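Engineer: sharing a model prediction with you, sequence too.
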Amino acid sequence: MKKIFGSLLFIFLMLVFSNASFSWGVWGHQHINRAAVFALPMPMRAFFFDHIDFITVEASIPDVRKYAINDRNEPPRHFIDMEAYGDHPFETLPDTWDSAKAKYGEKMLIKNGILPWYIPEILDKLTAAFKDHDKVSMLFLAADLAHYIGDAYVPLHTSLNYNGQLTGQKGIHALWESLIPELFGMNYNLHTKSAIYIKDPVQYTWDIIRESHRLVPAVLTTEKKLLDTWPKDSIYETDSQGNIIKNKYHEARFTDNFAKTYSEAMHGMEEHQMQLAIQSVADFWYTAWMNAGRPDLSKLDDTYTHQINRKPLKYQYRLWESKGKLTGSKPESEY
Ligand SMILES: [Zn+2]
């Protein structure tokens, strides 16, 4: 318990002091991880619920590694710039890491992001942790894997123009994945189907990337139209002197009204991407457990822990199932 509390405190401090992070904001990642617990079948759901606060808070740690810890291996794991591979990247880019490395060389792959190859790698590690009954690794890897899956559902994580920097739309990244979910996420329905076994995780991962990348033009052009037609002082927040206010990413802060109009013009794309991410996270966790031979997780925690969590699990599961809502995670606004 002391160990877990120490880890949570460390994570909290890192989140408070971490710098900019391009990836679903803390709100998005935490809600994806938390909701995915309820999409698991029993008895997995009971085990994950015993550790749901850890799974929730750990959701943004891979981003913390990028900035606060300055782990150089970390940044390429969060994206892939599909445009770097020509006009038909999904046809030319090999599905597996070894084939891609043989074709393009490791340097080129790392420069343009390794997200689709990294997800199956962490899945294998999580499967091994389940096989070994290694509870600490299971929880860390499950939360990590969920983060990268979440990133794969953000269209701008699949594009060279990831922050609109090539089209005069700097700031769109945080607008899409941080400000909009923070402002309107409480209205999202986060209910999904129960976890489904993934027969081909490599193919499944590439399907996510393909679908996310397909959404990139809509993400960009919808905002561009608004930027071109709205008066500047309605797009960005200004102080009493008329100076544009910056957000924590040192970019001009969009007004809530602009964010609302943009969000409505995308017809609930963020909510839908979040729902798909939650479903996929549960699918991957379930697949790792199945491939590990369905180990008994009930003995990994004491009876007391199970007992005190029984009622809250029942209540929170019903809330998620009937209304698509979560309790217990109230991260600070970061935008
Ligand atoms: Zn990320």
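Structural biologist: Thanks, I have the structure now.
Engineer: what's the spacing between the closest residue to the ion within the stretch 201-335 of the chain and residue 83?
Structural biologist: With CB to the ion as the measure, residue 277 is the residue of the stretch 201-335 of the chain nearest to the ion, at 11.9 Å. Backbone N, C-alpha and C define where each C-beta goes, glycine included. Here residue 277 is placed at a distance of 23 Å from residue 83 (CB to CB, to the nearest Å).
Engineer: the two: which is more packed in?
Structural biologist: residue 277 (29 against 16; other CB atoms under 10 Å).
Engineer: can you pull the contacts of that one?
Structural biologist: 24, 32, 149, 150, 152, 153 (CB atoms under 8 Å, 6 or more residues apart in numbering).
Engineer: near the ion, which residues of the stretch 51-200 of the chain?
Structural biologist: 63, 78, 151 (CB under 5 Å from the ion).
Engineer: neighbours of the second one, just the number please.
Structural biologist: Pointing back at residue 78 there. 25.
Engineer: quick one, what contacts it?
Structural biologist: Per CB under 8 Å, 6+ apart, neighbours of residue 78: 22, 23, 62, 63, 66, 113, 115, 148, 151, 157.
Engineer: go again with 7 Å.
Structural biologist: 23, 62, 115, 148, 151, 157 (CB atoms under 7 Å, 6 or more residues apart in numbering).
Engineer: turn those residues into TSV, columns for neighbour count, secondary structure and pLDDT.
Structural biologist: Putting the contacts of residue 78 into TSV (neighbours: other CB atoms under 10 Å; DSSP: H, G, I helix; E, B strand; the rest coil; pLDDT from 0 to 100) gives the following:
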residue	neighbour count	secondary structure	pLDDT
23	24	coil	65
62	26	helix	92
115	23	helix	98
148	25	helix	97
151	31	helix	97
157	26	helix	97
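Engineer: out of the residues you listed, who's nearest the ion?
Structural biologist: Once CB to the ion is applied, the member of the contacts of residue 78 that ends up nearest the ion is residue 23, at 2.7 Å.
Engineer: before I go, just wanted to say thanks for your time.
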